[in-house]
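Undergrad: Below: sequence and its predicted model.
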Amino acid sequence: MEVDNGTTAWLLSAASMVLLMLPGLALFYGGMNRARGILNMMMMSFGSLALVGVLWVLYGYSVAFGASQNGIIGDPTQFAGFKGVLAETAVTAGLPDTVFAGFQAGFAVITVALISGAIADRAKFSAWMVFVGAWATLVYFPVAHWVFAFQGFDDAAGAYTAGGWIGFDLATIDLAGGTAVHINAGAAALALALVLGRRKGFGAEPMRPNNLPLVMLGAGILFFGWFGFNVASTLGVGFNSGYIWINTFVATCAAMLGWLVVERLRDGKSTSLGAASGAIAGLVAITPGCGAVTPVGAIFIGLISGVVCAFAVGLKYKLKYDDSLDVVGIHLVGGLLGTILIAFFASDAAVYYGQNGLFYGGGGDLFFKQIVGAIAVMAYSFVIAFIIGFIIDKTMGFRISEEDELEGIDFTEHAENAYELTGRAGGSFTSSRPTTTSEVSS
Amino acid sequence: MEVDNGTTAWLLSAASMVLLMLPGLALFYGGMNRARGILNMMMMSFGSLALVGVLWVLYGYSVAFGASQNGIIGDPTQFAGFKGVLAETAVTAGLPDTVFAGFQAGFAVITVALISGAIADRAKFSAWMVFVGAWATLVYFPVAHWVFAFQGFDDAAGAYTAGGWIGFDLATIDLAGGTAVHINAGAAALALALVLGRRKGFGAEPMRPNNLPLVMLGAGILFFGWFGFNVASTLGVGFNSGYIWINTFVATCAAMLGWLVVERLRDGKSTSLGAASGAIAGLVAITPGCGAVTPVGAIFIGLISGVVCAFAVGLKYKLKYDDSLDVVGIHLVGGLLGTILIAFFASDAAVYYGQNGLFYGGGGDLFFKQIVGAIAVMAYSFVIAFIIGFIIDKTMGFRISEEDELEGIDFTEHAENAYELTGRAGGSFTSSRPTTTSEVSS
Amino acid sequence: MEVDNGTTAWLLSAASMVLLMLPGLALFYGGMNRARGILNMMMMSFGSLALVGVLWVLYGYSVAFGASQNGIIGDPTQFAGFKGVLAETAVTAGLPDTVFAGFQAGFAVITVALISGAIADRAKFSAWMVFVGAWATLVYFPVAHWVFAFQGFDDAAGAYTAGGWIGFDLATIDLAGGTAVHINAGAAALALALVLGRRKGFGAEPMRPNNLPLVMLGAGILFFGWFGFNVASTLGVGFNSGYIWINTFVATCAAMLGWLVVERLRDGKSTSLGAASGAIAGLVAITPGCGAVTPVGAIFIGLISGVVCAFAVGLKYKLKYDDSLDVVGIHLVGGLLGTILIAFFASDAAVYYGQNGLFYGGGGDLFFKQIVGAIAVMAYSFVIAFIIGFIIDKTMGFRISEEDELEGIDFTEHAENAYELTGRAGGSFTSSRPTTTSEVSS
Amino acid sequence: MKLVTAVVKPHKLDDVKNALETQGVQGMTVSEASGYGRQKGHTEVYRGAEYTSDLVPKVRVEVLVDDADVSEVVDAIVRASQSGRIGDGKVWVSPVDDVIRVRTGEHGTDAI
Amino acid sequence: MKLVTAVVKPHKLDDVKNALETQGVQGMTVSEASGYGRQKGHTEVYRGAEYTSDLVPKVRVEVLVDDADVSEVVDAIVRASQSGRIGDGKVWVSPVDDVIRVRTGEHGTDAI
Amino acid sequence: MKLVTAVVKPHKLDDVKNALETQGVQGMTVSEASGYGRQKGHTEVYRGAEYTSDLVPKVRVEVLVDDADVSEVVDAIVRASQSGRIGDGKVWVSPVDDVIRVRTGEHGTDAI
Ligand SMILES: Nc1ncnc2c1ncn2[C@@H]1O[C@H](COP(=O)(O)OP(=O)(O)O)[C@@H](O)[C@H]1O
Ligand SMILES: Nc1ncnc2c1ncn2[C@@H]1O[C@H](COP(=O)(O)OP(=O)(O)O)[C@@H](O)[C@H]1O
Ligand SMILES: Nc1ncnc2c1ncn2[C@@H]1O[C@H](COP(=O)(O)OP(=O)(O)O)[C@@H](O)[C@H]1O
């Protein structure tokens, strides 16, 4: 099949935009963390980029997008080491498979990184890296197959003939990963928060964000990349791209409004952390349905997710699990909302899916499909993540020592402190770490 | 009409790039602010994103790009809630209207956010949000119609048959918003600076930027996004795109040089704030004429704007209005320069407009058109912004209390402090805000 | 020739992405610097953007891509001031020359900026700017011709008929600038480090990075932009774009892993500076060969460069040259590695070049071509940079006074301090610079 | 000789400085601090959770003075930083055996 | 009146604060510092190079107290911050001639 | 026992530290400060406006010493930080009633 240059151009941009979300996420999480652990938090994202990236080429892409074995998993050897992908003829609907494989690489890398927000300031970096490899292999790659694999494009029918059991067989609507990305990461985050336990001082000390401007920048970068994430998930360019872009945009705006209004009414003041969190909540919630609802539907989904998540992030204090940076409150809750609200707000005016939800005269079967898809991914991810985490904890140990936690994980795990800002002065000491030096030798 | 995939691909990228300018602007302004108000400054940008984004879908796009009512305003009901835009047949010159609507959304959001730089550290967030809604509705949406609305594309003639009174009827050259964006925002900024009055200590304390690396990063992000802003404003892809890209690039470079040389000669030293400001001044000035001048013309426009704006930012001390972050000195002055210099530097070698300015043997009518367009927008925006601001001030009050201003607006309006950088230490206190805590309950 | 909209769309995006690398680099270097010199470090990047950008339009593009004079240099007058480029007919292989000229502008700007990392905290800004102009003119523009100039595209043969002596005549494989960008900048950096001498305290004080989150963000932005850099260097869109994207991606991941593992084994802990440096090392090393190797080959090139560069950055302490931010250790070493490893890992499965290296049954001639290309650029750049630096030092002086160096270059050269973070408090003093003020006058 | 130490609200720093200059004081040392006294901190709500913050940001001003000038200097500081509300701050006076000016090596009162 | 100054490990601040409150102490001033004593810093390896770091981060707590309360306050601080390891910190007591509460202008013991 | 406090130029910190170690001093506490004395700050021009800055960054070094060692320690500090130019800094000596080592609970001279 021939390459469509316009489609390929957009997918190349979009794939790169998706990758920019990785440092965006690292900033968003890192800035929200306490200062003593910002680097470790960022390193958990960068570490997952490094490892999942290599695994993706070695076998991950093949597990996710190899020939479907009954909708459960792709053939893990078919594209191992990208053999077969590297053929000029490997082009689907105008898009070279290599470009598709690159676009999807970003999804894998980011989904794994999302989990790290739940275990701030207390996880051994080595244990995290082991978790990354295991969870990507056992959970992400197969789940991506369940949701994103559509195979055997029949040019005559203009439709796929095989694929993953959720996306293809069950036909749950999830364009860009409400289930495979957000519910998936959110459920794993909850599991790890339980395995690792709470930070010392959780619920007693404020543990305020160390650098809110970086949080807002991180959110802004995620916002930007998300347009690649959502819009390019149709793997094409055209009319659909436009309204998916608009839906992504306006749901984010509405969610910010929703969150800020909740804060204003409940706490008296709207915060910048609320604006950033609201934006992410909206982006998460519109991810599965961005191609299934109208812009007005997107406004509702955004508003609802902004309001609900603004309350959901408080749950951890009540239920006493330390989901440090609100991965559960935003990604799991937002992902569930977004996946299920499709059953209400889907409209056939959004022609990419062309289905109507309950509010537009549609039937209950879509509701069923959405619920099953969401719960399946949530349960699977939670259970496997818990098991992996438990095994790591019992063998190599997942958590750093209490002493190291008090000292600060950046220094004890990475030998670094984030900031040495004392500027103009000649002496390089700072009050936050020792730097006067007697000698250096290499 | 059929969708052109290449054009749509570029516009999707460009629309996303334009949105990235919003966090870029928030950083640029936030970093330039004093530390006590960086979050509030960033929140004014994010707040305008949230509100204007929703209004855009509800009626803004329709006011700006609905069927022109005598060039004054678009039909506000035609596309309300994006009805009508969401039709697969809504494609103009190869570009789906949904994509155009997304691209233009960024312009709306950013123009409103630009204004906030003039009222640092002293505006109630709620009052700002009211202003955002009112000014977008009464000023931005109609003015965007005046300048950007071109309608009824006649495929045979290859030209539009209706549109806004400035862009279409008068045919002022303003490709990407010298008038509609920069003069518009700059004039409103001046009005608000007058309505709100000066910060306590203005002209007596230094009020230095709190985080210059963020200012430079913000300028860099704006620079990046601006290529989407300017280049994609032709709504096509091709030869024109290339030289508009080059003009945008080289005018920025030249303006930086101009500003840095002024600082060197006048103050003895070139500053990083000067480099960042110079880049923005150049980008502002080339915005209207990027498709009308040659690269050498762009160098001149850049140089002139860099030099003139480097002086213009000092005006506020002389005239004693507190345009805190130089919105007037850069956007209003740069926008006026850029709009008017077209009358001199336009060259028919730049085929998108194909007109000659005074320096290339053109006539004075272009000068007239540019002046009228510029002054009309400036006057309208200033007057309406002043009235809106005045009403807000007399009713709900626009300014925070003096005590809150001294305490710091981030804490008093948003319950936050930007930085908690004390790192490695176990105790979470910092000297810049209280954090020791007796108890937490949710 | 007709414009290909898809190709042009991607190149417009890519050209903008490449420019975003400039602020990315400024952050990466700035954050890695001591606090007293972060702004100067960023200003060296922004200054090179400003000056090289203008020179590019005036004559740089013409020197690099004007009609080849025996492969040594382009005709410097042919496109002076972009005359001739601004013709609608100037389209090569579907891409307007204006777009190509913009894309290549970013390469010029960034290559020069890369050098600055070697001379942290001690170079007069004015002297640096003189160096920028001279080195760009005498080294970068001609070397870009040697490596990147391919001219006289013969549509029938589908091949070029003239070009630079390295890229075209010798046919060294260097898609995106292993030689022209990284070896070139790295060699010049070494020369300047020798001309300027060591910082006071080099080898005795720790000189730790002042802001590691900005380093990681900078690396993330560079990563993003690099996809434009490498992938768009084929000047087309299609199958090749996809695997070049993948190669760039996975080499980066592998290099991060390599560097982090070295740190873990050697120092006991993996650092965030290591993750960021490893990513850049991988990106540098894959730059020349991204179109010549398979993804598995890219993993090896990445791993090797991550491991080798992790050791190479320690050389400066042994050999006692102050390559402050490791331009030599990463760009020169990584560039050499990447250029030479092609001779081993090239595979004809990568159809863009379709050549086999030694590990895939290829012959030794490719090794020879790679070595000659690498050494020629290294030697030329080092010698000319040393001469330029030496002359500047003997005439205007390249280095600031010892007193200014102790005081901090940001303040003495740019009248600024990077951070004024004391937040909420009313008094604007900080301990790192004086700000209480008696009066202000403009 | 005495050392007068004042812990006051940050935005009073300029006023204190001016008052001291008017008093003829020739030097001072300033640093950041935080603290509490009668002013016990206050309850904050953030992200739906409630905190009680105790330590409020302050600046510390230290002035070396001749015995004779102590009460004038203290009065000047108190006047400049007094608003009558809790949190206004604390001033204390402690004995100093000797003062040395580094530049000249002078000792005692001359060195102040 | 006396000024009790304690330089302790940063993560002991909350414990010290609570101990002082239990003791009935009504105020304190806190600031950042770094230092060394018997605890001599340690060797770090970074980017393949070795460093010896000397200055370790600490917090400084200052409390004005009545002469009568000095030993109790010192004991409370020592107990709260003691772990038995080097780097635990230092406490010292110095004389204060006068204390003034800025808000009221009160002098002496009443102002503490 | 005495407390020697020195406010000196930041880039002299390493020299002061080394001088004290040579003198056999076993510990010190360091913090950031700013101040002015004879050195009155200077005029800066920024973005076309002129400022007079008064407070210059300094570091404060505090050393607890035996009465017998005071003059040696003071001399060592002065020598290490003296450049003969204004802004060199100030050193002062104040009495200390008691010193306690937190780790061991020792009091007095032994605790220094
Ligand atoms: N007993 C004390 N010891 C040390 N510092 C104190 C003491 N009491 C108050 N302070 C300092 O004075 C500052 C202002 O105290 P304030 O709340 O005005 O107390 P009061 O009204 O009791 O004087 C506090 O933030 C603290 O830094
Ligand atoms: N002689 C001294 N003068 C001033 N401060 C000291 C002195 N000795 C120790 N300190 C302070 O006390 C802190 C803790 O000291 P530590 O290492 O526990 O010493 P020691 O065990 O000798 O008491 C140091 O970081 C330093 O700030
Ligand atoms: N009277 C004073 N009280 C407190 N600190 C002082 C006093 N005079 C000077 N200092 C401190 O000493 C530092 C250096 O003072 P310097 O300008 O060298 O003054 P001088 O030459 O008068 O000793 C100042 O920055 C300030 O921190």
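TA: Great, that's in hand. Numbers count the residues shown, from 1 in each chain, chains lettered A, B, ... in the order given. Ligands and ions are numbered 1, 2, ... in the order given.

Undergrad: From here on, just use CA atoms for contacts and neighbour counts.
TA: OK.

Undergrad: residue ranges of the strands in chain D, please?
TA: Here chain D has its strands, by DSSP state E, at D:2-8, D:28-36, D:42-46, D:49-53, D:56-65, D:89-95, D:98-101.

Undergrad: Out of the ones you listed, which gets nearest to ligand 2?
TA: strand D:28-36 (16.4 Å; CA to the nearest ligand atom).

Undergrad: Throw the strands of chain D into CSV and include distance to C:Asp154 and mean neighbour count, thanks.
TA: Formatted as CSV, the strands of chain D follow (distance: least, CA to CA, whole Å; neighbours: other CA atoms under 10 Å in any protein chain shown):
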stretch, distance to C:Asp154, mean neighbour count
strand D:2-8, 79, 25
strand D:28-36, 71, 24
strand D:42-46, 67, 17
strand D:49-53, 70, 20
strand D:56-65, 73, 25
strand D:89-95, 83, 24
strand D:98-101, 81, 23
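
Undergrad: can those strands go into TSV with extra columns for distance to chain F and mean pLDDT?
TA: Converted to TSV, those look like this (distance: least, CA to the nearest CA, whole Å; pLDDT from 0 to 100):
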stretch	distance to chain F	mean pLDDT
strand D:2-8	9	96
strand D:28-36	4	89
strand D:42-46	28	73
strand D:49-53	24	74
strand D:56-65	9	92
strand D:89-95	6	96
strand D:98-101	4	96
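
Undergrad: can you put those strands in TSV and add distance to chain E?
TA: Converted to TSV, these look like this (distance: least, CA to the nearest CA, whole Å):
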stretch	distance to chain E
strand D:2-8	8
strand D:28-36	4
strand D:42-46	15
strand D:49-53	12
strand D:56-65	9
strand D:89-95	4
strand D:98-101	15
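
Undergrad: and those strands as CSV, adding distance to A:Cys290?
TA: Shown next, in CSV, are the strands of chain D (distance: least, CA to CA, whole Å):
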stretch, distance to A:Cys290
strand D:2-8, 55
strand D:28-36, 49
strand D:42-46, 31
strand D:49-53, 33
strand D:56-65, 47
strand D:89-95, 57
strand D:98-101, 71
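
Undergrad: out of these, which comes closest to B:Gly6?
TA: Ranking the strands of chain D by proximity to B:Gly6 (CA to CA) places strand D:42-46 first, at 47.2 Å.

Undergrad: So in that sheet, which strands flank that closest one, and in what orientation?
TA: Counting by DSSP bridges, the strands paired with strand D:42-46 are strand D:49-53 (antiparallel).

Undergrad: Do the partner strand and ligand 1 come into contact?
TA: No - Strand D:49-53 lies out of reach of ligand 1 by CA under 6 Å from any ligand atom, never closer than 12.1 Å.

Undergrad: chain center to that strand: distance?
TA: A distance of 28 Å separates the centroid of the chain from that of strand D:49-53, by CA atoms, centre = their mean, to the nearest Å.

Undergrad: CA atoms of that strand as PDB?
TA: Taking Å, rounded to 0.1, in the frame of the first residue of the first chain, the C-alpha atoms of strand D:49-53 are listed here in PDB:
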ATOM      1  CA  ALA D  49      -7.200  19.000  53.600                       C
ATOM      2  CA  GLU D  50      -6.700  21.200  56.600                       C
ATOM      3  CA  TYR D  51      -3.400  22.300  58.100                       C
ATOM      4  CA  THR D  52      -2.300  24.300  61.100                       C
ATOM      5  CA  SER D  53       0.800  26.300  60.200                       C
END
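
Undergrad: Run the angle between it and strand D:28-36 for me.
TA: With axes from the mean of the first three to the mean of the last three CA atoms, to 10 degrees defining the directions, strand D:49-53 sits at 130 degrees from strand D:28-36.

Undergrad: Distance of the residue of chain D most remote from its centre relative to A:Ala285?
TA: Distance to the chain centre peaks in chain D at D:Gly48, reaching 36.3 Å (criterion: CA atoms, centre = their mean). To A:Ala285, D:Gly48 is 21 Å away according to CA to CA, to the nearest Å.

Undergrad: Quick check: which element contains the residue nearest to the spatial centre of chain A?
TA: Most central in chain A under CA atoms, centre = their mean is A:Thr111, positioned 4.0 Å from the mean C-alpha point. Per DSSP states H and E: A:Thr111 is located in helix A:97-115.

Undergrad: So which other helices or strands are in contact with that helix?
TA: Judged by 3 or more CA pairs under 8 Å, 6 or more residues apart in numbering or on different chains; DSSP states H and E, the packing partners of helix A:97-115 are helix A:5-32, helix A:38-55, helix A:184-196, helix C:239-267.

Undergrad: What residues sit buried inside it?
TA: Using 16 or more other CA atoms under 10 Å in any protein chain shown as the test for burial, helix A:97-115 gives A:97-115.

Undergrad: quick one, phi/psi of the closest residue to chain E within the stretch 251-400 of chain A?
TA: Proximity of the stretch 251-400 of chain A to chain E (CA to the nearest CA) peaks at A:Ile400, 16.9 Å away. Backbone torsions of A:Ile400, given as degrees, to the nearest 10, read phi -80, psi 170.

Undergrad: immediately after the helix holding A:Thr111, which helix or strand?
TA: Scanning forward in sequence from helix A:97-115 by DSSP H and E, the next helix or strand is helix A:125-135.

Undergrad: Does anything pack onto that following helix? Which helices or strands?
TA: Under the contact definition 3+ CA pairs under 8 Å, 6+ apart, helix A:125-135 sits against helix A:38-55, helix A:365-395.

Undergrad: Now tabulate those helices in TSV and tack on mean neighbour count.
TA: Formatted as TSV, the helices and strands packed on helix A:125-135 follow (neighbours: other CA atoms under 10 Å in any protein chain shown):
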stretch	mean neighbour count
helix A:38-55	28
helix A:365-395	19
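
Undergrad: To B:Val18, which of the ones you listed lies closest?
TA: B:Val18 lies closest, by CA to CA, to one member of those: helix A:38-55, at 26.3 Å.

Undergrad: tell me the angle of that closest one relative to helix A:5-32?
TA: Helix A:38-55 and helix A:5-32 are oriented at 150 degrees to each other (the same axes, to 10 degrees).

Undergrad: Report whether helix A:38-55 contacts chain C.
TA: Yes - interface with chain C: helix A:38-55 contributes A:Ile38, A:Leu39, A:Asn40, A:Met42, A:Met43, A:Phe46, A:Gly47, A:Leu49, A:Ala50, A:Leu51, A:Gly53, A:Val54 (CA under 8 Å from any CA of the partner chain).

Undergrad: what's the closest of those residues to chain B?
TA: Using CA to the nearest CA, the residues of helix A:38-55 next to chain C come closest to chain B at A:Ile38, 9.0 Å.

Undergrad: Count the neighbours of the nearest residue to that closest one once chain neighbours are set aside for me.
TA: Distances taken as CA to CA, 6 or more residues apart in numbering or on different chains place A:Gly30 nearest to A:Ile38, at 4.5 Å, with adjacent residues excluded. Residues near A:Gly30, counting by other CA atoms under 10 Å in any protein chain shown, number 32.

Undergrad: what about A:Gly30, distance to ligand 1?
TA: Remark: distance between A:Gly30 and ligand 1 (CA to the nearest ligand atom, to the nearest Å) = 31 Å.

Undergrad: Pretty sure that residue sits against A:Leu39.
TA: Yes - at 6.8 Å, A:Gly30 and A:Leu39 qualify as touching, with contact defined as CA atoms under 8 Å.

Undergrad: Give me the common contacts of the two.
TA: Common neighbours of A:Gly30 and A:Leu39, counting by CA atoms under 8 Å, 6 or more residues apart in numbering or on different chains, are C:Pro213.

Undergrad: Quick check, the residue in the stretch 101-250 of chain A closest to chain F?
TA: Chain F sits closest to A:Asn210 of the stretch 101-250 of chain A, with a gap of 20.8 Å, by CA to the nearest CA.

Undergrad: Excluding residues flanking it in the chain, which one is nearest that residue?
TA: Per CA to CA, 6+ apart, closest to A:Asn210 is B:Glu420, 4.3 Å.
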